[in-house]
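S.K.: what follows is a predicted structure for the sequence shown.
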Amino acid sequence: MAKNAVVKRDERREVAAPERTRSGAVTFTPRCDILETAEELTIYADLPGVQPGDIDIRFENGELAISAKCAPRHEDATYLACEYGIGDFYRAFTINEAIDADKIAAELKHGVLTVHLPKSEAVKPKKIAVKAE
Amino acid sequence: MLMTRWEPYTGLWNELSRFQQEMNRLFDSFGLNEGSWPTLAVAYPAVNVWEDGDNVYAEAELPGMGLEDLEIYVTGGNQLTIKGERKQPAADKGVWHRQERGFGSFARVIGLPMDVDADKVEARFCNGVLTITMPKTESAKPKKITVKTE
């Protein structure tokens, strides 16, 4: 992935995939990266246009749900080109690791949400020193 | 001695097999047998363009980038160019469970339907959304023609 010189292009144009809900509103599934290190799981989610106060992150029964409100912009504009839609985001992940729920932290910068899920002490890898006799 | 077994479906299988071969040949001629489906060459980033009486606006979702990562020009009066690079955050060790976000450099040229004043173009970047405001040149602005009654 890191070697890719050009942004990977697919039919979704690197924009979030729309999903129609029963209420008629369109909810988008944001693109996410998940990185696991020895200390924590880190989730990166592209949430362009979302204000920090409009994000709701819940961790419950091993499921992390991210929902973000994004009000449509320029709805009454005369579009010359319309290649992506604007709307709320929702995505949920099942987390199988033991997570220290009290220490979950999240930040939003330039439209990218980063959620840090620190692993609980019990599951962190421990190095066992071998004693020489 | 030539032994021939009675195979009632041979004809059908032959037909199907021939059909498959025909299809393979057809797809080979398009170079589509590389294990990939034909993908339409789409440009990144996706842009929305709209206008009002005085301005043309372009908006693109560029999460994870800042104005310092972008170059925006208007050339030839009506060619908007957005160039930039999305850098991957450094992750020295660890395992990626999911990688859906793309990184790298990109450039896109968008032809505008009217001339704009290149000196007065403004770009704003807020929460990963780039908005470019381009004032129309006087000649491109809509003119109201009054109908005289006699």
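M.R.: Nice, thanks for sending it over. Numbers count the residues shown, from 1 in each chain, chains lettered A, B, ... in the order given.
S.K.: which parts of stretch A:105-123 are buried?
M.R.: Going by neighbour count (16 or more other Cβ atoms under 10 Å in any protein chain shown), the buried part of stretch A:105-123 is A:108, A:110-115, A:117-119. Every residue, glycine included, has its C-beta placed from N, CA and C.
S.K.: now, among those, which is nearest to chain B?
M.R.: A:G111 (1.8 Å; Cβ to the nearest Cβ).
S.K.: which SSE is the residue nearest to the spatial centre of chain A in?
M.R.: Taking Cα atoms, centre = their mean, the centroid of chain A lies closest to A:A45, which sits 3.0 Å from it. Following DSSP states H and E, one finds A:A45 within strand A:40-46.
S.K.: what about the residue in chain B positioned nearest to chain A, how many neighbours?
M.R.: With Cβ to the nearest Cβ as the measure, B:G128 is the residue of chain B nearest to chain A, at 1.8 Å. By other Cβ atoms under 10 Å in any protein chain shown, the residues close to B:G128 number 23.
S.K.: touching, it and B:D69? I think so.
M.R.: No: using Cβ atoms under 8 Å as the test, B:G128 is too far from B:D69 to be in contact (11.4 Å).
S.K.: phi and psi next, for the residue nearest to the residue of chain B closest to chain A when sequence neighbours are not counted.
M.R.: Among residues not flanking B:G128 along the chain, A:G111 sits closest, at 1.8 Å (Cβ to Cβ, 6 or more residues apart in numbering or on different chains). The phi/psi pair for A:G111 (degrees, to the nearest 10) reads phi 80, psi 10.
S.K.: gap between A:G111 and B:A60?
M.R.: Distance of A:G111 to B:A60, computed by Cβ to Cβ, to the nearest Å: 11 Å.
S.K.: spit out the residues that contact the two alike.
M.R.: Shared contacts of A:G111 and B:A60, defined by Cβ atoms under 8 Å, 6 or more residues apart in numbering or on different chains, are found at B:V129.
S.K.: name every strand pairing with the helix-or-strand element of chain A with minimal mean pLDDT and say which way it goes.
M.R.: For chain A, counting by mean pLDDT, DSSP states H and E, strand A:17-20 ranks last in confidence among helices and strands (a mean of 70). Paired neighbours of strand A:17-20 in the sheet (DSSP bridges): strand A:26-29 (antiparallel).
S.K.: from the middle of its chain, how far away would the partner strand be?
M.R.: Centre-to-centre, strand A:26-29 and its host chain are 13 Å apart (Cα atoms, centre = their mean, to the nearest Å).
S.K.: now stretch B:45-57
M.R.: With Cα atoms, centre = their mean as the basis, stretch B:45-57 stands 17 Å off its chain's centre.
S.K.: residue nearest the centroid of chain B?
M.R.: Most central in chain B under Cα atoms, centre = their mean is B:A43, positioned 2.3 Å from the mean C-alpha point.
S.K.: still on that earlier bit, for the residue of chain B closest to chain A, give me its contacts.
M.R.: Contacts of B:G128 (Cβ under 8 Å, 6+ apart): A:46-49, A:110-112, B:61-65.
S.K.: in strands, which of those residues fall?
M.R.: The subset of the contacts of B:G128 located in strands under the criterion DSSP state E comprises A:46, A:112, B:61.
S.K.: give the burial count for the residue lying closest to the second one once chain neighbours are set aside, as a bare number.
M.R.: Spatially, and ignoring its direct neighbours in sequence, A:V112 is nearest to B:G64 (4.4 Å; Cβ to Cβ, 6+ apart). The local packing count at B:G64 equals 19, with neighbours defined by other Cβ under 10 Å.
S.K.: quick check, B:G64 in contact with A:L108.
M.R.: No: assessed by Cβ under 8 Å, B:G64 is found out of contact with A:L108, at 11.0 Å.
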